[in-house]
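Undergrad: Need a 3D model of the following:
(chains A and B)
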There are 2 protein chains.
Amino acid sequence: MLKAVLLDISGVLHEDGVALPGAVAAVARLQAAGLVLRFVTNTSRKTGDTVHADLRGMGFDVEREQVFTAPAAVRHYLVRHGLRPYLLIHEGLEPEFADLAGDDPDAVVLGDAESRLDYRHLDAAFQCLQRGAPLLTVGTNRYFHQQGSLHLDVGPFVRALEYAADTRATVLGKPAAGFFRAVLDDAGVAPEEALMVGDDVDCDVAAARELGIEACLVRSGKYRPGDEARVPGAACEDGLAALVAGRFPEA
Amino acid sequence: MLKAVLLDISGVLHEDGVALPGAVAAVARLQAAGLVLRFVTNTSRKTGDTVHADLRGMGFDVEREQVFTAPAAVRHYLVRHGLRPYLLIHEGLEPEFADLAGDDPDAVVLGDAESRLDYRHLDAAFQCLQRGAPLLTVGTNRYFHQQGSLHLDVGPFVRALEYAADTRATVLGKPAAGFFRAVLDDAGVAPEEALMVGDDVDCDVAAARELGIEACLVRSGKYRPGDEARVPGAACEDGLAALVAGRFPEA
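TA: All right, here's what the predicted structure looks like:
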């Protein structure tokens, strides 16, 4: 019995800030069908408030409390463990962490996908890791989709620092089980009562299935032909609108 | 019967451009003992000519032909395969590749350890890799030693691009078997007739042993306490001078 739908945002609801065809209506249809909705993103360029405002601006009927971002999960972890982070984050995320940074950092946070990912900043992070600081990351996404092409996401830089310091990162967004569990808890549903919809075959689809959550890959956003082969047996639809039309038709 | 000694350069012969205590005399002693010497480096900041000139400047009696660098091996590979490289190399290496670059690259060369390792250049390399270009690298070294601390080397960035593009790099310097074999061929010796001396437990010591070359780890340069544990049974000496004094004493 399906009770909740978890929706990835970029590449599922919109591309480059423009709602995908039929996506606004599809989300409305899911709400009308009485499903609990949660919007889950690993975006490392925007705060949760901005993600929410952008969705509203595109016409999606979303409450702030329905939005779960990986940076917010990182912030929660830092506060809970009393850590002072070295922040390798995108400038768009600064408001999310402004009060936590300080001298003498004892954790490294990787949550960027562009602006500060240069040798100098990565080497400074490496110096922290050598002193035993844990490596925390929003995710391990390989690439993101923008303006019709794929670009390096945070995952490659996680792998770089893991290799340099011979350590393993603690992933706090997707595909971490803890992230999905926190969302399910908040939605008040069990894994087998939820459906995850995403365009990232690894971080959305494979990760959800690992936890016993049904998952559907959409052929929009960063999807590349052949991605299905990495999740045998998973549902695959052309997009959110097609998924909803087929599975939750108007009464 | 030992006939040849392969010497890593940075961290074995010198640190930060200053010859290590007793290193010049140790190299002279090996020459006097009738051993064939080869100097092997993964440095990605200098051409072979500069490496040679710097060694001479420090007082080492080295011929240009005895110096084997990983960037030269990359250049050789590019020429042999007729490849047009996208060069992600340190500015100090530009003379080594100046005639090979061009439009419409069909290979990515990673041979930097600093200046161009930023998001923009790495993402441009990722675009090439998505079009099927092979990823070539000078090495997979995790870090290098400079001014008393360890800094990111090229290896972490290799891992980053491998992960992003779901590919494996072709390594043309140490620890590649082909690099060691080319040096042994040039020296005219079999693996069991050679000794490799290095401060990199993976790329120097473990890699040489993998090929049946005896290897000695030195506790200088990038050596860190505990490195021995990664190569059980390998010789370990405080430095090149101690190794030579113990094993090749003056007659």
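Undergrad: Can you verify my assumption that A:Thr69 contacts A:Asp49?
TA: No - the pair A:Thr69 / A:Asp49 is not scored as a contact, 9.6 Å apart, by CB atoms under 8 Å. Backbone N, C-alpha and C define where each C-beta goes, glycine included.
Undergrad: So which residues on chain A come close to chain B?
TA: Residues of chain A lying close to chain B (CB under 8 Å from any CB of the partner chain) are A:113-115, A:117-119, A:122-123, A:126-127, A:130, A:142-143, A:149-153, A:155-157, A:159-164, A:166.
Undergrad: Please identify which of A:Thr69 and A:Asp49 sits among more neighbours.
TA: Applying other CB atoms under 10 Å in any protein chain shown to A:Thr69 and A:Asp49 shows that A:Thr69 carries more neighbours, namely 28 against 14.
Undergrad: ok, which stretches of the stretch 1-150 of chain A are strands?
TA: Assigned by DSSP state E, counting those that start in this stretch, the strands in the stretch 1-150 of chain A fall at A:4-8, A:14-15, A:18-19, A:36-41, A:67-69, A:85-89, A:107-111, A:135-137, A:143-146, A:149-152.
Undergrad: residue nearest the centroid of chain A?
TA: Nearest to the geometric centre of chain A sits A:Asn42, at 2.2 Å (CA atoms, centre = their mean).
Undergrad: contacting residues for that residue?
TA: A:69-70, A:138-139, A:141, A:153-154, A:173-174, A:203 (CB atoms under 8 Å, 6 or more residues apart in numbering or on different chains).
Undergrad: Would you mind giving those residues as TSV with pLDDT added?
TA: Output for the contacts of A:Asn42, formatted as TSV (pLDDT from 0 to 100):
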residue	pLDDT
A:Thr69	95
A:Ala70	94
A:Val138	93
A:Gly139	92
A:Asn141	90
A:Asp153	93
A:Val154	94
A:Gly173	94
A:Lys174	95
A:Cys203	93
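Undergrad: just to revisit the earlier point, the residue lying closest to the residue nearest to the centre of chain A once chain neighbours are set aside: what's it in contact with?
TA: Nearest residue to A:Asn42, sequence neighbours excluded (CB to CB, 6 or more residues apart in numbering or on different chains): A:Gly139, at 3.9 Å. Shown in contact with A:Gly139 (CB under 8 Å, 6+ apart): A:42, A:44, A:70, A:153-155, A:171, A:173-175, A:203.
Undergrad: Please, a PyMOL command that selects the buried ones among the residues you listed?
TA: Filtering those down to the buried ones (16 or more other CB atoms under 10 Å in any protein chain shown) takes a single PyMOL command:
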select buried, chain A and resi 42+44+70+153+154+155+171+173+174+175+203
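Undergrad: and the gap between the closest residue to A:Pro105 other than its chain neighbours and chain B?
TA: If the residues on either side of it in the chain are set aside, A:Pro105 comes closest to A:Tyr86, at 3.8 Å by CB to CB, 6+ apart. According to CB to the nearest CB, to the nearest Å, A:Tyr86 and chain B sit 15 Å apart.
Undergrad: got the contact list for A:Tyr86?
TA: A:Tyr86 touches A:101, A:105, A:107-109, A:124-125, A:128, A:133, counting by CB under 8 Å, 6+ apart.
Undergrad: ranking those residues by neighbours, who comes first?
TA: Each of the contacts of A:Tyr86 was scored for neighbours by other CB under 10 Å, and A:Val109 scores highest at 29 neighbours.
Undergrad: now what about the strand or helix carrying A:Ala242, what contacts it?
TA: Using DSSP states H and E, A:Ala242 maps to helix A:240-247. Identification of contacts with helix A:240-247 by CB under 8 Å, 6+ apart yields A:7, A:12-13, A:20-23, A:25-27, A:29-30, A:197, A:216, A:218, A:220, A:235, A:237.
Undergrad: before we move on, back to that, check the spacing between the residue nearest to the centre of chain A and A:Gly48 real quick.
TA: In this view, A:Asn42 and A:Gly48 are 12 Å apart by CB to CB, to the nearest Å.
Undergrad: that older thread, same list (the contacts of A:Gly139) but as JSON lines, adding secondary structure.
TA: Formatted as JSON lines, the contacts of A:Gly139 follow (DSSP: H, G, I helix; E, B strand; the rest coil):
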{"residue": "A:Asn42", "secondary structure": "coil"}
{"residue": "A:Ser44", "secondary structure": "coil"}
{"residue": "A:Ala70", "secondary structure": "helix"}
{"residue": "A:Asp153", "secondary structure": "coil"}
{"residue": "A:Val154", "secondary structure": "coil"}
{"residue": "A:Gly155", "secondary structure": "helix"}
{"residue": "A:Val171", "secondary structure": "strand"}
{"residue": "A:Gly173", "secondary structure": "coil"}
{"residue": "A:Lys174", "secondary structure": "coil"}
{"residue": "A:Pro175", "secondary structure": "coil"}
{"residue": "A:Cys203", "secondary structure": "helix"}
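Undergrad: buried sites along the helix holding A:Ala242?
TA: Buried residues in helix A:240-247, counted by 16+ other CB under 10 Å: A:240-245, A:247.
Undergrad: List the residues that contact A:Lys46.
TA: So A:Lys46 contacts A:54, A:69, A:92-93 (CB under 8 Å, 6+ apart).
Undergrad: Isn't A:Ala177 up against A:Arg209?
TA: No - contact status for A:Ala177 versus A:Arg209: not in contact, 11.7 Å apart, counting by CB under 8 Å.
Undergrad: now the helices for the stretch 1-150 of chain A?
TA: Remark: helices assigned in the stretch 1-150 of chain A by DSSP state H, counting those that start in this stretch are A:23-32, A:48-57, A:70-81, A:94-97, A:119-130.
Undergrad: Local confidence estimate at A:Ala251?
TA: Listed pLDDT for A:Ala251 reads 64.
Undergrad: Next, count neighbours for A:Gly17.
TA: When neighbours are defined as other CB under 10 Å, A:Gly17 has 10 of them.
Undergrad: Tell me the backbone dihedrals of it, please.
TA: phi 80, psi 0 (degrees, to the nearest 10).
Undergrad: contacting residues around it?
TA: Contacts of A:Gly17 by CB under 8 Å, 6+ apart are A:54, A:58.
Undergrad: Pick the one among the contacts of A:Gly139 closest to B:Leu37.
TA: Of all the contacts of A:Gly139, A:Gly155 has the smallest distance to B:Leu37: 43.3 Å, by CB to CB.
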